[in-house]
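> next input, structure requested:
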Amino acid sequence: MTHIFVNIPTSDLDRAKAFYTGLGFAINPLFTDENAACIVIDDNIFFMVLTKEFFATFTDKTVADTATTAQALIAISRESRDDIDSIVAAGLAGGGTEPRDAQDYGFMYSRDLEDPDGNILEFMYMDPQAAEQGPEAYIADNAEQMADIPRPGA
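Residues are numbered from 1 along each chain as shown. Prediction:
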């Protein structure tokens, strides 16, 4: 079984833990201490939120200033558009910011949320038909509804 651990830096570990638990995620106490918190996204995906000093011990590169630099966009799928709106609302209430408007392509909907440290989470929902058959099949079957919606790359 494969697990994914995404390491992200924080300048305030307690604030980060409060933010991520406010989104509905759990903390695994077995891998949490004064340097790091293991945020459980699901059974196979975890965020290791590390103090900037601890994060720096895992690389010889300069740690990006997430207030001004995007190093990664962490995309997390949700079950529905409403799920996305709910989790972004919780994130905004917990001190996050929404750096740009929602993106609605008809077959795909996404909203970005920056945590208080500037790490970018991209919550997205894709219509099951588009996910299974590709966006062009969805667009072809829903041409009338898609007429006024911009498409990525178009």
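
> helices of the chain, start to end?
13-22, 52-56, 81-93, 128-133, 135-141, 143-146 (DSSP state H).

> buried set for the longest one?
Using 16 or more other C-beta atoms under 10 Å as the test for burial, helix 81-93 gives 81, 84-85, 87-88, 91. Glycine gets a C-beta too; all of them are placed from N, C-alpha and C.

> mind checking which of the helices of the chain is nearest Phe5?
helix 52-56 (12.8 Å; C-beta to C-beta).

> buried sites along the closest one?
Applying a neighbour-count criterion of 16+ other C-beta under 10 Å, one finds 54-55 buried in helix 52-56.

> now the residue nearest the centre of the chain: closest residue in space, sequence neighbours ignored.
In the chain, the C-alpha nearest the mean C-alpha coordinate belongs to Leu121, at 2.5 Å (C-alpha atoms, centre = their mean). Nearest in space to Leu121, with sequence neighbours left out and distances taken as C-beta to C-beta, 6 or more residues apart in numbering, is Leu113 at 4.8 Å.

> list the contacts for the residue nearest to the centre of the chain?
By C-beta atoms under 8 Å, 6 or more residues apart in numbering, the contact list for Leu121 reads 74, 76, 91, 112-115.

> redo those as a markdown table? Include pLDDT.
Below are the contacts of Leu121 laid out as a markdown table (pLDDT from 0 to 100):
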| residue | pLDDT |
| --- | --- |
| Ile74 | 94 |
| Ile76 | 94 |
| Gly91 | 97 |
| Asp112 | 97 |
| Leu113 | 97 |
| Glu114 | 96 |
| Asp115 | 96 |
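
> among those residues, which one lies nearest to Phe25?
Ile76 (10.0 Å).

> just to check, that closest one is in contact with Glu122?
Yes - between Ile76 and Glu122 a contact is recorded at 7.1 Å, counting by C-beta atoms under 8 Å.

> closest one of the contacts of Leu121 to Asn7?
Of the contacts of Leu121, the one sitting nearest to Asn7 (C-beta to C-beta) turns out to be Ile74, at 10.8 Å.

> what's the separation between the closest one and Leu121?
5 Å (C-beta to C-beta, to the nearest Å).

> out of the contacts of Leu121, which sit inside strands?
Of these, the ones assigned to strands by DSSP state E are 74, 76, 112-114.
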